[in-house]
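K.L.:
Coordinates only, no sequence provided:
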């Protein structure tokens, strides 16, 4: 059986290099779930089996191939892109290990609903949890 990952609210933060928002502005939140599964699997289909932590590999860099599914549910209180109308034509872009995928664009809303699964299939990552790469989520 496949274990369903729990969704959680991720509070966004502004990219310091862009610095387009006032320091007091809240950049919003997105509801996401992240599933990490052993094996290549399908990019957006059911993964082959639940991920486990595997054996300890002290002193070595053992790699394994995984499928990473990011379940994008919705966004709340996202910052407006158009200062005149206060609207946002937003989408999420997610990156992992040099690869990127994106949700569909939701027009004229600061509270978009996606309910989309974004997949990274066949990603090679270290078995040791502390060495795994980050999944980067960006709002566009």
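P.N.:
Right, received. Where do you want to start? If you're wondering where the values come from, they're calculated on a predicted model, not measured in any experiment.

K.L.:
Tell me who's in contact with residue 120.
P.N.:
43, 67-70, 96-97, 99, 101 (Cβ atoms under 8 Å, 6 or more residues apart in numbering). Placement of C-beta: from N, CA and C, glycine included.

K.L.:
would you list every one of the strands in this structure?
P.N.:
8-11, 29-38, 49-50, 63-76, 92-96, 99-102, 113-126, 136-139 (DSSP state E).

K.L.:
and those, which one is worst for confidence?
P.N.:
Ranked by mean pLDDT, the strands of the chain bottom out at strand 49-50, which scores a mean of 44.

K.L.:
Nearest approach to residue 21 belongs to which of the strands of the chain?
P.N.:
strand 136-139 (11.4 Å; Cβ to Cβ).

K.L.:
in its sheet, what does that closest one sit against?
P.N.:
Its sheet considered, strand 136-139 pairs with strand 92-96 (antiparallel) by DSSP bridges.

K.L.:
Columns distance to residue 83 on top of the strands of the chain, output as TSV?
P.N.:
TSV is the format used below for the strands of the chain (distance: least, Cβ to Cβ, whole Å):
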stretch	distance to residue 83
strand 8-11	23
strand 29-38	21
strand 49-50	46
strand 63-76	19
strand 92-96	22
strand 99-102	24
strand 113-126	24
strand 136-139	17
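
K.L.:
And these: which comes nearest residue 20?
P.N.:
Using Cβ to Cβ, those put strand 136-139 closest to residue 20, at 11.9 Å.

K.L.:
Counting neighbours, which bits of stretch 64-71 end up buried?
P.N.:
66-71 (16 or more other Cβ atoms under 10 Å).

K.L.:
how far does that stretch sit from the chain's center?
P.N.:
Distance of stretch 64-71 from the chain centroid (Cα atoms, centre = their mean, to the nearest Å) equals 11 Å.

K.L.:
Let's have the buried residues of stretch 64-71 in TSV, adding distance to residue 127.
P.N.:
What follows is the buried residues of stretch 64-71, written out as TSV (distance: Cβ to Cβ, whole Å):
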residue	distance to residue 127
66	10
67	15
68	15
69	19
70	21
71	24
